[in-house]
Structures are given as structure tokens and as C-alpha cells.
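Visitor: pasting the structure only:
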């Protein structure tokens with residue numbers, strides 16, 4: 001995202017002053033009534049570990065999420081180990097106990113779908129690398145993908161899905177032209193060959209500005225036609241592919257994703273951000289209504305995307321995916337913001353940085369006042385006003401645990417998870433990669 005690389009070197013240098021900075025982070029001041037509020041309402045989490053033998057500390061989620069069909073798990077930044085671990089635990093609990101059968105990442109819809117189809121017969125790391133952005137190529141996420149693989153042998157597998165319009169895996173994207181041809185060829189071999197050729201060219205050259213600029217309109221029209229073709233011949237496609245009844249919807253949403261991706265690549269400012277946010281919201285609704293109808297879905301992405309209200313340094317004036325979903329789904333959507341108090345993390349390019357100290361009477365300071373190492377707080381179910389007035393107040397808060405921002409907690413999230421201390425993730429690679437692999441991270445978040 002803008003500004004990350006400019007600040008990365010400064011943040012890395014600050015690691016030299018870690019002991020002093022952590023001490024400064026420890027004791028921000030908080031109004032006594034707000035401290036009392038968070039201590040009274042918090043749900044302390046006994047452990048972060050997904051394989052915990054005792055999940056009784058999560059039992060409250062049954063009532064909190066009653067009637068919800070899509071639960072979104074955010075994250076302040078992509079490079080915090082403990083956030084990945086607790087999200088994996090929450091996802092596992094939602095699947096095992098509360099009937100959620102789809103885990104959809106902020107990664108390519110098509111690449112995740114294709115990887116999930118082969119997940120039972122592959123190791124979890126291959127599934128991860130063929131689907132998810134490089135920011136999640138770490139052991140914390142791998143543990144969840146190992147769980148996904150294990151569920152494939154049960155009568156209730158957890159489905160791996162994606163909702164992003166961007167290409168997230170070079171390895172996964174490289175297989176897409178062939179898979180599109182194989183899907184279409186049973187009905188129209190000539191068109192299938194054209195789709196394979198043109199999709200392969202787009203995948204190989206979309207990141208070349210000199211190529212994309214004169215070709216954007218033609219490729220947007222190509223993908224729009226593919227979306228129309230998949231919708232018009234949906235019944236025939238389903239009949240030709242009885243093993244994949246969701247295929248027509250996957251093809252249509254893949255094509256529409258590329259339309260939005262081209263818009264994102266060729267626009268600037270809020271229009272660029274809105275193209276991605278709108279496309280992701282449409283993909284989530286496509287998963288919910290067409291690809292996996294009737295199934296409850298867990299979303300995994302950045303706080304800025306899942307938030308019910310826009311704003312902040314990440315999206316500016318753009319309308320977030322979560323705000324769009326909230327408008328459509330109402331109380332069926334539950335957005336959880338995840339925040340951290342102190343420690344270190346990594347930017348998308350894996351450069352380490354230190355979290356900056358919480359502001360007095362800020363969101364992180366209030367949550368620190370609870371005195372727990374990890375907690376869940378249900379904002380949607382809390383009584384308004386009184387000592388809970390902080391939930392409806394404009395509060396200073398941290399984006400990525402680093403930048404100062406502000407928002408009204410109750411307007412932006414239905415629930416909060418707070419971790420007092422975080423560390424860098426345990427990455428599977430030393431470097432994020434070269435060429436297109438270096439792009440396997442969200443372009444903005």
C-alpha cells in the first residue's frame with residue numbers, strides 16, 4: 001500500500017530501540033469508566049492455538065453469531081503471527097461447532113477454487129502456494145490449510161475459497177488458461193482455444209503498463225463476453241460437468257473479477273480502490289448465492305476490507321467491501337476487527353517494523369486496560385451509552401499497528417479481537433519472490 005516502503009526502513013531501524021519502545025507502549029492512560037466497560041464485557045481467550053483440547057472459552061460465539069451467515073475475520077496488518085494463529089483457531093471452531101463450511105481468503109476466487117478441488121490429494125503447502133497471496137505464506141496459515149486438507153476425508157469438508165479480484169498466485173494463475181479451455185471445450189472447442197490464448201496473454205503481461213494501457217479496453221470486453229457466455233450457457237455447462245455444478249458461476253465470477261481487476265489497474269485514487277472493493281463484495285455474494293448456496297462463510301482479510309464503514313488511511317473515501325456486504329446482508333453479516341497492542345510485525349514485503357505506542361483513550365489503550373493477553377468483545381450485543389460510550393465515540397486507533405487513524409468502533413465492527421503482544425510470522429520463504437511472484441501480495445492491502 002502507499003507509504004509502506006517509505007516507512008519500512010525507518011521501522012526496521014527502530015527495532016534497535018525495542019526495549020524502550022515496548023516500555024513506552026505499556027501504560028497509555030484510559031478513562032476509568034471506559035476501563036471498567038472493557039473489563040466487564042471482555043471474553044478472555046484462554047489460548048490462541050487452533051488445536052486446543054478445550055474450546056469452552058469460545059462457547060459464547062454460539063449466541064454472538066446466531067443468525068449470522070457470513071462472519072468476517074479482519075486483521076490490522078498482514079504480518080502478525082498471533083493474529084494468524086487466533087484466526088485459524090476461530091475458523092476451526094466456526095467450522096467444527098457453528099456450521100461454517102467455507103473459508104474465503106482475500107485471494108483470487110479462481111485460484112482458491114482450483115486449489116481446493118485438488119486439496120485432498122496434495123500437501124497443504126502446495127495448496128497454499130497455488131492459491132493465497134504471499135503475505136500468508138507462513139506457518140500460521142499453513143496450519144489452517146493442513147486442517148482444511150484433513151477435513152476433506154470427512155462428511156463435512158471445509159471448503160477453501162477466495163473473494164479477491166486480483167491474481168494472487170503465479171503458480172495458480174499459470175494453470176488458469178488450460179483449466180478454462182478444458183471447461184469450455186466440451187461445448188465450444190474453438191472458443192475454448194481463444195479463451196486459453198487470450199487469458200494466457202493477459203496473465204503474462206497485465207503488470208506491464210506499456211502493454212496494458214492500449215489493450216485494457218479490448219481485454220475488458222473479452223472478459224465481459226466470457227462472463228456473458230458462461231451465464232448464457234450455464235445449463236449446458238452444468239450438464240457437461242456434472243462433477244462441478246458450480247462451474248458456470250465460477251467461470252462468470254472469474255471473468256467479472258478480471259473486469260474489476262483491469263479497472264483497478266487502469267484507474268487512480270478512489271475509483272481504483274472502489275473497483276477492487278466492489279468486485280470483492282460481488283465475489284462474496286457470488287460465493288454465498290451461487291457457488292456455495294446455503295453455506296455459511298468465513299471471510300479472511302484486512303480490517304479495512306471487512307469493516308462495515310469506510311475511511312482511514314487504507315481506503316480513504318472508497319466504500320469498503322464490508323460496507324457493501326452490510327448494505328445487502330444486514331444482520332446476516334458480522335465483521336470482526338483484529339488489533340494488537342505492542343510488539344513487532346512485517347510489512348507485505350516482509351520488512352519488520354515495530355508497532356507504535358497506543359494513544360491515550362485510544363482503541364488499543366482501552367483494550368489493553370482489560371488486562372488480558374487475548375480477548376473477544378461483542379460490540380453489537382453491548383448496551384449503548386453509559387460506560388460503554390467509547391464504542392460510539394470517535395477514537396484514535398492504529399492501522400497496521402503503526403499509522404494513526406480514527407473511527408467509531410461500533411460503526412465499523414460488530415466485534416473485536418485484541419492481542420496484547422504480537423511477533424513476526426514464521427514465513428515459509430526468506431524472500432517473497434521474484435517477478436510475478438513478487439506481486440503475490442495484495443496490491444494495496
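Guide: Perfect, thanks for sending it. Since the structure is predicted, the reported quantities are computational estimates derived from the model, not experimental observations.
Visitor: any residues touching the helix or strand containing residue 176, and which ones?
Guide: Remark: residue 176 resides in helix 170-185, with elements defined by DSSP states H and E. With contact meaning CB atoms under 8 Å, 6 or more residues apart in numbering, helix 170-185 is reached by 108, 110-112, 114-115, 129-131, 167, 191-193, 195-197, 199-200, 203, 229, 237, 241, 247, 251, 254, 433, 435-437, 439-440. Where C-beta positions appear, they are placed from N, C-alpha and C, glycine not excepted.
Visitor: following it, which helix or strand shows up next?
Guide: helix 189-205.
Visitor: from the middle of its chain, how far away would that next one be?
Guide: 29 Å (CA atoms, centre = their mean, to the nearest Å).
Visitor: Could you do stretch 79-98 as well?
Guide: Mean-position distance between stretch 79-98 and its chain equals 13 Å (CA atoms, centre = their mean).
Visitor: Now do the buried residues in that stretch.
Guide: 79-95, 98 (16 or more other CB atoms under 10 Å).
Visitor: again, but for stretch 114-131
Guide: 114-116, 119, 124, 126-131.
Visitor: Which two of the residues you listed have the greatest separation?
Guide: Greatest spatial distance among the buried residues of stretch 114-131 (CB to CB): 114 and 124, at 15.5 Å.
Visitor: neighbours around residue 67, how many?
Guide: Neighbour count for residue 67, taken as other CB atoms under 10 Å: 7.
Visitor: oh, I was asking about residue 106
Guide: For residue 106, using other CB under 10 Å, the count is 26.
Visitor: I'd like to know how far the spatially closest residue to it that is not a sequence neighbour sits from residue 173.
Guide: Spatially, and ignoring its direct neighbours in sequence, residue 106 is nearest to residue 301 (3.4 Å; CB to CB, 6 or more residues apart in numbering). For residue 301, the distance to residue 173 equals 19 Å [CB to CB, to the nearest Å].
Visitor: The buried residues of stretch 79-98 in helices, which ones?
Guide: 81-95, 98 (DSSP state H).
Visitor: Quick one: mean pLDDT over the helix or strand harbouring residue 279.
Guide: If you go by DSSP H and E, residue 279 is part of helix 269-286. Helix 269-286 comes out with an average pLDDT of 96.
Visitor: Check which helices and strands that helix sits against.
Guide: If you count contacts as 3 or more CB pairs under 8 Å, 6 or more residues apart in numbering; DSSP states H and E, helix 269-286 packs onto strand 159-164, helix 247-266, helix 321-329.
Visitor: Ok, which of the ones you listed comes nearest residue 346?
Guide: strand 159-164 (20.0 Å).
Visitor: what are the pairing partners of that closest one, and which direction each?
Guide: Using DSSP bridges, strand 159-164 pairs in its sheet with strand 100-108 (parallel).
Visitor: and the angle from the partner strand to helix 321-329?
Guide: Interaxial angle, strand 100-108 versus helix 321-329 (axes from the mean of the first three to the mean of the last three CA atoms, to 10 degrees): 140 degrees.
Visitor: buried residues in strand 100-108?
Guide: Buried, per 16+ other CB under 10 Å, within strand 100-108: 100-108.
Visitor: For residue 396, state which of the residues you listed is nearest.
Guide: residue 106 (25.6 Å).
Visitor: For the protein, give the helix that spans the most residues.
Guide: Per DSSP H, the chain has its longest helix at helix 209-232.
Visitor: State the mean pLDDT of that one.
Guide: 98.
Visitor: just checking, what packs against that helix?
Guide: Packed next to helix 209-232, using 3+ CB pairs under 8 Å, 6+ apart, are helix 189-205, helix 247-266.
Visitor: out of the ones you listed, which comes closest to residue 335?
Guide: It is, among the helices and strands packed on helix 209-232 and with distance given as CB to CB, helix 247-266, at 21.3 Å.
Visitor: and the closest one, what's its mean pLDDT?
Guide: pLDDT averaged over helix 247-266 gives 98.
Visitor: Tell me what angle that helix forms with helix 269-286.
Guide: Helix 247-266 runs at 170 degrees relative to helix 269-286, counting by the same axes, to 10 degrees.
Visitor: In terms of secondary structure, what does helix 247-266 contact?
Guide: Against helix 247-266 (3+ CB pairs under 8 Å, 6+ apart) you get helix 109-117, helix 170-185, helix 209-232, helix 234-240, helix 269-286.
Visitor: residue boundaries of the strands in the stretch 301-445 of the chain?
Guide: All strands of the stretch 301-445 of the chain, identified by DSSP state E, counting those that start in this stretch, fall at 333-346, 352-354, 374-378, 395-399, 403-407, 415-422.
Visitor: any idea which of those is most buried?
Guide: strand 333-346 (a mean of 25; mean count of other CB atoms under 10 Å).
Visitor: how far does stretch 350-362 stretch from start to finish?
Guide: One end of stretch 350-362 sits 27 Å from the other (CA to CA, to the nearest Å).
Visitor: pLDDT score for residue 104?
Guide: At residue 104, pLDDT is 98.
Visitor: what about it, distance to residue 331?
Guide: 20 Å.
Visitor: on that earlier part again, mind putting the strands of the stretch 301-445 of the chain in a markdown table, distance to residue 315 and mean pLDDT included?
Guide: A markdown table is the format used below for the strands of the stretch 301-445 of the chain (distance: least, CB to CB, whole Å; pLDDT from 0 to 100):
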| stretch | distance to residue 315 | mean pLDDT |
| --- | --- | --- |
| strand 333-346 | 14 | 98 |
| strand 352-354 | 21 | 97 |
| strand 374-378 | 23 | 98 |
| strand 395-399 | 10 | 96 |
| strand 403-407 | 11 | 94 |
| strand 415-422 | 19 | 98 |
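Visitor: hang on, residue 379 packs against residue 411?
Guide: No: counting by CB atoms under 8 Å, residue 411 is not a contact partner of residue 379; they are 9.4 Å apart.
Visitor: Between the two, which is the more surrounded one?
Guide: Taking other CB under 10 Å, residue 379 and residue 411 do not tie; residue 379 has more neighbours (21 against 15).
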